[in-house]
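Q: Here is a sequence together with a model predicted from it:
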Amino acid sequence: GDSVTQMEGPVTLSEEAFLTINCTYTATGYPSLFWYVQYPGEGLQLLLKATKADDKGSNKGFEATYRKETTSFHLEKGSVQVSDSAVYFCALSDVDAGNMLTFGGGTRLMVKP
Amino acid sequence: KAGVTQTPRYLIKTRGQQVTLSCSPISGHRSVSWYQQTPGQGLQFLFEYFSETQRNKGNFPGRFSGRQFSNSRSEMNVSTLELGDSALYLCASSLMGGPNTEAFFGQGTRLTVV
């Protein structure tokens, strides 16, 4: 079945540091890929998405590129802020698996001033 | 416009009881999905409803059930609660469902089984 693997956290960075959170996937079909963010006490918010190979999703300074050859969708941000502290989830949706979202385990990011 | 609303936000139940959680999707959205979030298992898909019909189901026991009404509001029910059912239950709505449509999540219902 489909699966998503992302780096374990927590990831602790200083403000203005460069962020990378690795995400790789396994899918039977040709999935769409997503990054969701969860702030304390909240539900999930869609951060960005990509629907086909080589697509780059971007939002609020975050970027991720759909790499079919390496089955990866790594999240990057050039300069993190304290307000970026949250849990980040990589996910995929595969029409061959009924369109449900399959999530990775989540990566907690802590940004220190 | 109003987001996805889940009620109640917090719930404490005793083992063996049953519980019903409610989800009101964004106006106009016809697809509602439910997920269970636990520290050990992460986020797991429970089921999806579209136009009052269950369209997809995850790998959960039959104690977990749901339904959707004509106004797209959805409820999920868990019968004979077990300690392991303690979790954050998240509801997500989207226009039609599907791999390219954005799912909007509610804040969740935190269920504690004692």
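A: Perfect, I can see it now.

Q: Got phi/psi on residue 30?
A: Looking at chain A here, since you left the chain open. The phi and psi values for residue A:30, taken as degrees, to the nearest 10, are phi -120, psi 90.

Q: since we're on it, how many residues are nearby?
A: By other CB atoms under 10 Å in any protein chain shown, 13 other residues sit near residue A:30. (Each C-beta comes from the backbone N, C-alpha and C, glycine too.)

Q: cool, the one 5 residues further on as well?
A: Close neighbours of residue A:35, defined as other CB under 10 Å, add up to 26.

Q: May I ask you to confirm that it is in contact with residue A:44?
A: No - the criterion here is CB atoms under 8 Å, and residue A:35 misses it with residue A:44 at 10.1 Å.

Q: okay, and the common contacts of those two?
A: Common neighbours of residue A:35 and residue A:44 are listed as residue A:89 (criterion: CB atoms under 8 Å, 6 or more residues apart in numbering or on different chains).

Q: Centre-most residue in chain B?
A: Residue closest to the average C-alpha location in chain B (CA atoms, centre = their mean): residue B:34, at 3.2 Å.

Q: got a list of what that residue touches?
A: Contacts for residue B:34 (CB under 8 Å, 6+ apart) come out as B:23, B:45, B:46, B:47, B:48, B:66, B:74, B:76, B:89, B:90, B:91, B:92.

Q: What of residue A:63?
A: Each residue near residue A:63 by CB under 8 Å, 6+ apart is listed here: A:48, A:56, A:57, A:75, A:76, A:77.
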